[in-house]
Every structure is written in structure tokens, then in C-alpha cells.
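>>> Predicted model follows, preceded by the sequence.
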Amino acid sequence: REHHNAPALLAMPRKVYGGCSELRLYRLPDQLVLVSDKLESTLRFDCTQGTLSIGPGLQKDQGEYCNTVHGVIGTVRLCTGHRLLTITKKNFVASYLGEDVYSVGEVCMYSSAGSSTQIYTSQDAANSVDFDRADVTKDAAEFDTKMLQELCRLFSASHGCYFSMSGHLLLSHRASVQAGVEMDQWLLASEKAAAYRRHVLNQHLLSGLMDQNAFEWILPVMQGFVAECTPVVRESIVRVVLISRRNCLRAGARYRRRGIDRHGYVANNVETEQILETRDGQRLSFVQTRGSIPLFWSQCQDLADYRPAPILQRSVAENVAAFTKHFEDQIGLYGLQLVVNLVNRKGREWPLGQAYEQAIARAKDPNIIPFPFDFHVECKGRHFENTRKLIGQMAEQLARCRWTHTGADGALLQEQSGVCRVNCMDCLDRTNLVQSYLGVHVLASQLEALKIIDSADNADSVDLASLLLIWGNNGDMVSKQYAGTNAMKRVPVKKTSTLLGALNDGKYSVLRFYHNRFLDDDRQTCLDLVLGTRTLEQCRETEEDKVRQWKKYSDAIVRQVTSSISVAEEGSEEVVLSVAVRRVDPHMQSDAVLVITKEALHIGYCDFEANVCVTSCRIAFSSVLKVETGPLKVPGRGSKARQAVGARLFLKADDSPGVSPISRLESVRRGASSAQRQSKVSEQDLWGSEDDDNDVDGDDINAIDDDDDDEEE
């Protein structure tokens, strides 16, 4: 039938994948065999080659029974052999379009090292690596240990991987209606469905089965979030399902994946759908998206800088080409784009946000409508309800976008023709909070359209606590997948202390710093192996490069200190303490190395990225008359000043050669940074031309402004 005459989706005949039903696993001398009661064929894992293939059924009493699993995630190749990943625990989370949705609770791995096969659960994944094998080096074994632990973490219950008995979970309600009853093979085989396969996390791990068209054994796994709730609306009970689908085409950790790539795919790209279901079988679906600012940009990843500034990259032509590809793809998928830009309109975020707005203005595309909203200014003091001001500004265009509505008989009554594309810097905390308010607003409009409530402006009769709770959980899960921690902000279900919220923000900020600097490299490598972004050999080379970079970083500090501080060259003073200090001056483009010996204080200002020492000095303790500590004003953005803690040294006049060492350092620092500031001014207006009168202060990109409540850093 035509999709608008299709029967109710609840009554659709569904093809049950063998991978989603219970599978019995048997061990043969050189194979593992998976058997399903619903299929005549079997799925066989070759222990020596590490491949999956379709084979005949097992004879009676053939093979040794090992385990029962709920599905096969796929195979991954590591240094010590292939591993077969299976799902051993699943948890029901929701019902979507008439079928059950499960989260992956635990995985079990099967090793194909040599001719034997061993079974390992997630708890003892590290023990599956044989360090004593003659053909395995220590580095390779350690690499495999880390990857196996990351694989178990990736597919654990706390990291949001979901599956269902067919592929409908991967599609929005609108796309599912368009696909019709033959959706399962259409999703996995049709070129038209390539846009939706971007949500399949394990597509690369099952590529062998896809090449064999073994759809009955393929279990698509999605990373994101799924939950349901039943808000009470007056005397009616409705059901709301919330689904977030993560795009795997530029997946990765926070500082490892920023901005856009040359194909137009952006980091942290998530499609979030809110589905309202009534008792009589009507379904109303509203889709929103989030994604990193679609320009080439990055942030420096080092231990010295807690709040790295965003840096625009590539040429204007390359940015324009990628920006255009991104929105052509999004408009083709969703239609009208209501671009909600939540970045700060001052400080270090603004140059990037301004470049984004300039790109939209230059595109002159009627399908891209910008809605800038300085979240930290408008919602200062955690007054998140002020986002209603933004929704009021968007009301007319939101009405144009509409939502997808199917009747009790499955007929398509209305189709969504546009989405809200929301972003901040990380597309996490501010983004999820604004999306949750948009979801609540649309839900009220839908209830009014169904005549369940009288007016969307008067939705006090709707108990939204359960809906706000799952929106908050959605933000936590999406944040954990990208940044490693829960979200910092959510719509408050009940009145909470502003101080308590600020303390939670600080806690998660520190945890994110720890994850970004120490854990995300391994997490990114694991994701690249799962997605096929890089080969095993490339991942190993990256691992070795990372070790060399750390050594180079530490060696660079040693070289800078030894080349700039005489005591290190002479080796005549005993070093008590040495430390690298982060810059606090927005005009200063280098960091400081302090070395304290028993005789003197040595200060070296270094540019670690350029691997050069700007200047240095030695202050003998014998020349110090007095030391004062206390508050110190540090230059800030424009005419502002920041309060910091500092130390002032009073020196003997005879020991000061004309100009004090501190004054001389300040002079050299200003001179060294002036050329850098001048070069940054020319780079700020990425979209500028000779006719533009947009002069951006180059100091802004590194400005530190205490008024910016940057919860994401």
C-alpha cells in the first residue's frame, strides 16, 4: 500500500531478527556456533580466522553447549586475535511503535587466539589477554587490555546502547511511516536508507554479515538514549517516549571531535525525538537535532590550560564547502532548519559564534533561519525559565515546522517539515535544557490540537515531572557519551538551591577535565576501531605517537628550563621544586616554568607549542628583602580586571641591574605577544571581505571573563 494508507504500525507484521531472540551458543573444535529456534541456518564464528559466516544447522548432540545470548554485536580484530562480542544481559526500557526496546546490559567476549576459544565476561576482560604468548609483545598486550576494557565500558548499561527486534528504533516515526512494512531490509540494503544507517553503532563490526545479506542475523545497535513516561493530563493518561539517536559518522570524545569534517558531518550530532501516544492509538512525533558548530575548529588539549580557547581552522573556501554540505544534508533529511545558537556573545566563545552567524548570513538560504540566544546572559542566576523568551521568538517558525501525526488507523495526517537545530559549545548542557523546554512547549501544543487541554498557554493541568525527569536523564546520557560525565544543568523538577546547582556544576567540570586529559584518548581509539574509522595498525601508530608526544612535551619543558636558566646548565644548585603554571594574562601567549632551588627562584616564560623560551631570569634569595602575598589584579577583557592571588618580591636595589627582573620580563612579554595579537586580529573575521566593517578584537579569543558562567568548562 501507499504509506498514507498503511495499517497501524502496531499491527504491522514484523520480521524478528535471529540476533534479537535468544540464541544458544555451542563450541566445536574450531568454531563457535549460534543457534536460533526461529531459523534453520546457524551463525558460525571461525576461531582461527575470526570471521562470521552462515552455515547449516547442527546435528543432534553436536557441539558443547556454552551459553545463551540475546544477540551478536559483531567481531573486532585486536593484536592478540579476534573477539566475538555478544549480548548476555538486556534491560527493557520502553515500547516504540509497538515493539519492545532494550538497553545492552552486559557483553560477553569470545577470544579466537590460536585454535582455542575462551569466554570472558566484562568483569574479567583484561584477563583475556595472554601476556605470556611468544608472538605477543608487551605493548600489544597492554594495548589489547585497554581496548577490551573500553569495549566493555562502551557496551555497558551506563553508556546507552539500545536495540529492538527490528530496525524501527533507528528511524524517526516520520521515516518509519515512509519506509513501510518492508522496512527491515530497506534499512540495511537500500541506498535511500544510508542516511539512517548512520545511527548503527556496530555496522562495521557486522560488515561481513551485511556483505552476505544475512539480514536475519544482523542486530543493529544504536547509541543514544531511550525512555518512556506517562504524564497525567487532567483525567487522561498519555504516554511519551523520548529517543536520542547518535550519529556515528563523526563520533568521538569531546576534545577529540570538534566542529565539522570535509564531508559535512559534525561532532556530537544527535537526533532527539519526542513521541506522544494516546489511548486510541494516535501518535504525534516531534524531532530536534543538536550538533557542533559546522566550521573547522578545535581546542588545544594540554595539561596547562584548563579552559582552552576555540581556534578557527582551514581556509574560508574549505569552511564554506563543508558548511554547505552539512546544511544540504540536514535540509534534505529534515527540511527547514531553525538554528538556535546559544554561545556567549562575548569572551572566548564569541569569535566562533560570530563566524557561525556570518556563515549563515552569507549562505542566504531561506531554509536556514538563525535564532541567537546568549544563554548565560538571559538565564543568569539559573533562571532557566527565561528560555521561554526564546520560544516566543520562535513561535511563528515552530508553527511552520509542525510535527508528524498518524491517526489510530496509521494514516499520515500531518508531516513535520522542519527541525530546531540547537548548539552551544559542546552541545550538551545548555543545548539539552533548551531542547527540553522546546519539547514541553510542543507537547502542550499537541495536547491542545488533540483537544485534551483547552490552550497550550494554560498547561498547568499537565503533570510534567516525569517528562522533565527523562529529559534530564537524556541530557546526562548524551553528556556521558561525549564528555564522560553527567550534564551540568537540567530543568528543575522541584525547587533546588542555586548554590547546590553551582557546586554540582563545579564537580562535573573537574571530572570533565580529568576525562578529557587522561581517559579520552583510549575511548577515542576504541570508538575508531568499532566504527572502522581507523585500522588496528593506524590505532597502534597513534598510540605510539601519543607516547612520543608526551615524552616530547616533557622533554620540551626540560630543554626550555635547561637552556634558559643558568642553574640547570651549571648544575650547581639543588632543585627543590619545579612547576609549570597556566597563564592568567589574556595578552600572554606563553606559560611559565618556575624552578625553586635552595639559593634562588628561576622564572622562564615558555611557549610550549612553539617549543621556545620567551625569556627568563634568576632571583637570588639573598637579594629578597620581603615577600608579600595576597589579592592581585590581572588584566582582563577590555578595561576589566580579574582578581587573582599573587606574590610580590621586594629586592635589594644594588641587585637590580637598572631594570628589575620582573619589569624586564613584563616588557619582553608584551613585546613578544604584540605580533601574535596582530596576527589573530586578521584571522577572527573568517567570513569577512574588504567591504566588511567587522573588526574583531584579537584579545577576545583568550579573554578570561568571570561574568561568563561557562558550565561546560
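Sure thing, it's come through.

>>> separation between residue 372 and residue 204?
38 Å (CB to CB, to the nearest Å). The C-beta positions use only the backbone N, C-alpha and C, and glycine is treated the same way.

>>> ugh, wrong one, I meant residue 165
In this view, residue 165 and residue 204 are 22 Å apart by CB to CB.

>>> Name the single longest strand found in this protein.
Counting by DSSP state E, the longest strand found in the chain is strand 81-96.

>>> Starting from that strand, tell me the next helix or strand along the chain.
Counting by DSSP states H and E, the next helix or strand C-terminal to strand 81-96 is strand 99-111.

>>> That following strand versus strand 81-96: what angle between them?
170 degrees (axes from the mean of the first three to the mean of the last three CA atoms, to 10 degrees).

>>> now for strand 99-111, which elements pack on it?
strand 81-96, strand 118-121, helix 138-154, strand 161-164 (3 or more CB pairs under 8 Å, 6 or more residues apart in numbering; DSSP states H and E).

>>> What part of the protein, helix or strand, is modelled with the least confidence?
Here the helix or strand of the chain ranked lowest by mean pLDDT, DSSP states H and E is helix 661-684, holding a mean of 35.

>>> low pLDDT regions in the stretch 451-600 of the chain?
Along the stretch 451-600 of the chain, the parts satisfying pLDDT under 70 run over 456-462, 489-519, 543-573, 578-593.

>>> what's the angle between the helix or strand residue 466 falls within and strand 81-96?
Residue 466 is part of helix 465-483, with elements assigned from DSSP H and E. Using the same axes, to 10 degrees, the direction of helix 465-483 lies 160 degrees away from that of strand 81-96.

>>> elements contacting helix 465-483?
Contacts defined by 3+ CB pairs under 8 Å, 6+ apart place helix 465-483 against strand 222-229, strand 239-246, helix 429-449.

>>> Relative to residue 67, which of those is closest?
strand 222-229 (24.2 Å; CB to CB).

>>> so the closest one versus strand 81-96, what angle?
Using the same axes, to 10 degrees: strand 222-229 against strand 81-96 is 30 degrees.

>>> Any chance you could list what contacts strand 222-229?
For strand 222-229, contacts defined as CB atoms under 8 Å, 6 or more residues apart in numbering pick out 93-96, 101, 103, 159-163, 169-170, 199-201, 239-246, 248, 251, 270, 466-467, 469-470, 473-474, 477-478, 481.

>>> thinking again about what came up before, can you tell me which of the helices and strands packed on strand 99-111 the model trusts least?
Ranked by mean pLDDT, the helices and strands packed on strand 99-111 bottom out at strand 118-121, with a mean of 61.

>>> just to revisit the earlier point, parallel or antiparallel, list what pairs with the longest strand of the chain.
strand 71-78 (antiparallel), strand 99-111 (antiparallel) (DSSP bridges).

>>> Out of the ones you listed, indicate the one that is most buried.
strand 71-78 (a mean of 24; mean count of other CB atoms under 10 Å).

>>> Put the alpha carbons of it into CSV.
In CSV, the C-alpha atoms belonging to strand 71-78 read as follows (Å, rounded to 0.1, in the frame of the first residue of the first chain):
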residue,chain,number,x,y,z
GLY,A,71,22.3,-11.1,20.1
VAL,A,72,25.6,-10.7,18.3
ILE,A,73,27.2,-7.2,18.3
GLY,A,74,30.0,-8.3,15.9
THR,A,75,33.7,-9.1,15.7
VAL,A,76,36.7,-6.8,16.4
ARG,A,77,40.3,-7.5,15.5
LEU,A,78,43.0,-6.8,18.1
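
>>> Would you mind getting the angle between that strand and helix 138-154?
Using the same axes, to 10 degrees: strand 71-78 against helix 138-154 is 160 degrees.
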